[in-house]
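Student: Structure for this input, please:
(one chain, ligands or ions: 1)
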Amino acid sequence: MCLCCRSMMPKALDGQIVMEKTPRYFVTEETPARIYAMSRDIKLIVVVRDPITRAISDYTQIISKTPDVPSFEMLTFKNGSAGQIDALWSPLWIGLYAKHLERWLAYFPPSQIHFVHGERLVSDPAGELGRVQDFLGLQRIVTDKHFYFNKTKGFPCLKKPEGSSKPHCLGKTKGRPHPKIDPAVIQKLREFYQPHNLRFYQMAGQDFGWQ
Ligand SMILES: Nc1ncnc2c1ncn2[C@@H]1O[C@H](COP(=O)(O)OS(=O)(=O)O)[C@@H](OP(=O)(O)O)[C@H]1O
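Tutor: Model (predicted):
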């Protein structure tokens with residue numbers, strides 16, 4: 001979706017809200033200015049999860065397309081060994097949420113940005129969606145009764161999506177098993193992200209609990 005082209009958005013009736021979603025928006029340098037030029041009172045929703053799980057999730061996606069890439073452990077470090085963390089490796093760089101949020105806060109007040117807690121979205125989808133509906137000024141229509149926990153998938157699914165009588169889970173590429181990562185590397189990443197996470201909690205006014 002081209003942000004410069006508001007005309008590409010679907011038309012809305014009174015009382016309807018148009019939404020658009022692209023994961024790269026949050027981390028793309030020029031996006032805040034472009035969105036601001038399109039609408040300065042837009043409401044922004046960002047789903048965030050522990051940056052380490054997020055990076056492993058990203059890596060899972062990479063290996064599903066290019067199985068020959070080096071290991072997560074190799075790519076985490078600049079020279080491929082346990083030295084300096086390669087913060088410019090995209091899966092790690094995207095998780096520097098405070099850095100990205102800083103650019104958004106130069107354009108939008110915190111009241112216009114809502115963070116969805118990625119881990120809670122899985123453990124309590126109705127609670128998280130309740131907060132999203134409040135943020136959007138909507139009645140709380142989506143509640144607990146819309147979800148069930150699908151044991152096979154290991155994730156919540158919709159009991160009855162709109163216009164269908166059958167339950168619906170997200171597709172096969174959402175909620176894939178992650179490769180096992182060396183705990184020592186995870187620990188290095190914990191230390192690496194800790195100050196960034198704390199800064200992010202301060203900026204977002206919310207402790208996400210990724211210790
Ligand atoms: N209900 C439900 N079902 C399946 N998956 C769920 C759900 N809620 C959250 N998640 C988590 O969403 C992760 C995939 O989202 P993406 O990051 O790929 O989304 S996006 O398309 O890039 O916006 C996906 O990451 P992976 O586990 O790495 O596949 C899930 O952990």
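
Student: can you pull up the bridge partners for the residue nearest the centre of the chain?
Tutor: Note on the chain: the residue nearest the mean C-alpha position is Val47, at 3.4 Å, using Cα atoms, centre = their mean. Using DSSP bridges, the bridge partners assigned to Val47 are Val116.

Student: quick one: it and Glu119 touch, right?
Tutor: No: contact criterion Cβ atoms under 8 Å: Val47 and Glu119 do not qualify, at 10.4 Å. The way it works is simple: take the backbone N, C-alpha and C, and place the C-beta from them, glycine included.

Student: what's the residue nearest to the centre of the chain in contact with, if anything?
Tutor: Residues in contact with Val47 (Cβ atoms under 8 Å, 6 or more residues apart in numbering) are Phe115, Val116, Gly118, Leu121.

Student: at 7 Å what do you get?
Tutor: With contact set as Cβ atoms under 7 Å, 6 or more residues apart in numbering, Val47 has these partners: Val116, Gly118, Leu121.

Student: Could you verify that the last one is part of a helix?
Tutor: Yes: secondary structure assignment places Leu121 in a helix (DSSP: H, G, I helix; E, B strand; the rest coil).

Student: so what's it scoring on pLDDT?
Tutor: As predicted, Leu121 sits at a pLDDT of 98.

Student: Report the separation between it and the ligand.
Tutor: As judged by Cβ to the nearest ligand atom, to the nearest Å, Leu121 and the ligand stand 5 Å apart.
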